[in-house]
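> output the structure for:
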Amino acid sequence: MPGTTPNTAVAADWILDPADADACEHLARTLTAGGPDQVDNRDWLTRARDAGDELPLPLRRAVRRFRRQSGPCGTLVIGGLPVDQAILPPTPAVPGSVQRQATVPAALLTMVACGLGEPLAYLAEKSGALVQDVVPVPGQETFHGNAGSVPLSFHTENGFHPHPPDYVVFLCLRADHDGTAGMRVAGLRQTLPLLTPAAREALFAPEFITTPPPSFSPDATSGAEAEPRPVLSGAAEDPDIRMAQLVTTPLTPRATAALAEFGRACEASARTLRLAPGDLVVIDNRVTVHGRTAFRPRYDGADRWLQRTYVTTDLRRSRDHRPDDGHVLAR
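Residues are numbered from 1 along each chain as shown. Next comes the predicted model:
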């Protein structure tokens, strides 16, 4: 975003004007009534995919351009989406919370996801729901995942899996009480120039093992790639990344040094996004790591509430993991 500097809290890259926001709300409401009203229903997904073609042109254009080139930050933030704030129920406060009923926020999230590719979920995480709640849960404050409220270290989503998502999309329904919770993002295209040649070489070597994150059920290891693999892969000048500071283990001294150097580079180039209700964030999971600052939940029904969905640009490549050609990877 022009005019911003690393580690500076930023607002949306741009904000929908009121007319376009009204058009988004109208489309979303058509998906909450008439016909199937369950987000995970295939017929409802078809309706949402078709409705996405009618989203306002500026929104569709921004998503299309980001899909082709996600830019130096690998992140797109759009503000001003309608989230039914006045009639939102209390923020969920139970483990594994998901959104299966079609609502205005869930419909908006799904329509944008369909503009990027196809929604995707993992059976071992959040029971395979396509729209998931990211909320603090009592007793899980120190949990290193979406239910916690302590700092969350940098990671890409599900880098252990043969088929990680290409994009992660978040929609903010409620901000935290104190306005301190921040989503931290670091784009590889800004981080890579900060690395020494030796670190780059080591990160491209298959000298790391990434295991499932704590948010996955214990049997998720059956679908993991247990063999060593690189953190960076693909084109040397614009590689892809798979890593999670919590669950990526370096196997050699040079890998240990390189991963630590990469962590420092992420800290140096990171931005902190303090989201307001109606802010939608698209993260290119192939080239961007993200995390979270600490915040203090009150468990009063008005805590921070994000909804999240994963997106793949090529659903077919994971066909052997998806029973009945659905959207949920069962292993």
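> please, which helix or strand holds Ala260?
helix 253-269 (DSSP states H and E).
> tell me the mean pLDDT over that helix?
For helix 253-269, mean pLDDT is 98.
> would you mind pulling the contact partners of that helix?
6, 154, 186-187, 190-192, 194-196, 198-200, 202-203, 205, 207-208, 231, 243, 245, 248, 250, 289 (Cβ atoms under 8 Å, 6 or more residues apart in numbering). Bear in mind the C-beta positions are built from the backbone N, C-alpha and C, glycine included.
> buried residues, stretch 149-164. List them.
Buried residues in stretch 149-164, defined by neighbour count with 16 or more other Cβ atoms under 10 Å: 149, 152-161, 163-164.
> same check, this time on stretch 257-268
For stretch 257-268, the neighbour count (16+ other Cβ under 10 Å) marks Ala258, Leu259, Glu261, Phe262, Gly263, Ala265, Cys266 as buried.
> out of those residues, flag the one nearest to Leu116.
Cys266 (23.8 Å; Cβ to Cβ).
> excluding sequence neighbours, find me the nearest residue to Phe154.
Val289 (4.1 Å; Cβ to Cβ, 6 or more residues apart in numbering).
> okay, that neighbour: pLDDT?
Note on Val289: pLDDT of 98.
> give me the neighbour count for it.
For Val289, the neighbour count with other Cβ atoms under 10 Å is 28.
> beta partners of it?
Ala186 (DSSP bridges).
> can you tell me which residues contact it?
Counting by Cβ under 8 Å, 6+ apart, Val289 has contacts Phe154, His155, Thr156, Val185, Ala186, Leu188, Ile241, Met243, Cys266.
> go again with 7 Å.
Residues counted as contacts of Val289 (Cβ atoms under 7 Å, 6 or more residues apart in numbering) are Phe154, His155, Thr156, Ala186, Ile241, Cys266.
> where's the residue lying closest to Asp166 once chain neighbours are set aside relative to Ala113, distance?
Distances taken as Cβ to Cβ, 6+ apart place Thr313 nearest to Asp166, at 4.8 Å, with adjacent residues excluded. Going from Thr313 to Ala113 by Cβ to Cβ, to the nearest Å gives 11 Å.
> tell me how far Arg49 lies from Gln140.
In terms of Cβ to Cβ, Arg49 sits 34 Å off from Gln140.
> quick one: buried residues of stretch 127-137?
Buried residues in stretch 127-137, defined by neighbour count with 16+ other Cβ under 10 Å: Gly128, Ala129, Leu130, Val131, Gln132, Asp133, Val134, Val135, Pro136, Val137.
> ok, now stretch 31-42?
Judged by neighbour count using 16+ other Cβ under 10 Å, the buried positions of stretch 31-42 are Leu31, Asp37, Val39, Asp40, Asn41.
> so who does Glu141 touch?
Going by Cβ under 7 Å, 6+ apart, Glu141 touches Gly148, Ser149, Val150.
> turn those into JSON lines, columns for pLDDT and distance to Val169.
Converted to JSON lines, those look like this (pLDDT from 0 to 100; distance: Cβ to Cβ, whole Å):
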{"residue": "Gly148", "pLDDT": "95", "distance to Val169": "21"}
{"residue": "Ser149", "pLDDT": "96", "distance to Val169": "22"}
{"residue": "Val150", "pLDDT": "96", "distance to Val169": "24"}
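> now render those residues as JSON lines, adding secondary structure.
Formatted as JSON lines, the contacts of Glu141 follow (DSSP: H, G, I helix; E, B strand; the rest coil):
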{"residue": "Gly148", "secondary structure": "coil"}
{"residue": "Ser149", "secondary structure": "coil"}
{"residue": "Val150", "secondary structure": "coil"}
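> quick one: the buried residues of stretch 149-164 as CSV, columns for secondary structure too.
Compiled in CSV, the buried residues of stretch 149-164 are given as follows (three-state DSSP):
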residue, secondary structure
Ser149, coil
Leu152, strand
Ser153, strand
Phe154, strand
His155, strand
Thr156, coil
Glu157, coil
Asn158, coil
Gly159, coil
Phe160, coil
His161, coil
His163, coil
Pro164, coil
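> list the helices and strands the helix or strand containing Ala202 packs on?
According to DSSP H and E, Ala202 maps onto helix 197-203. Where contact means 3 or more Cβ pairs under 7 Å, 6 or more residues apart in numbering; DSSP states H and E, helix 197-203 is packed against helix 253-269.
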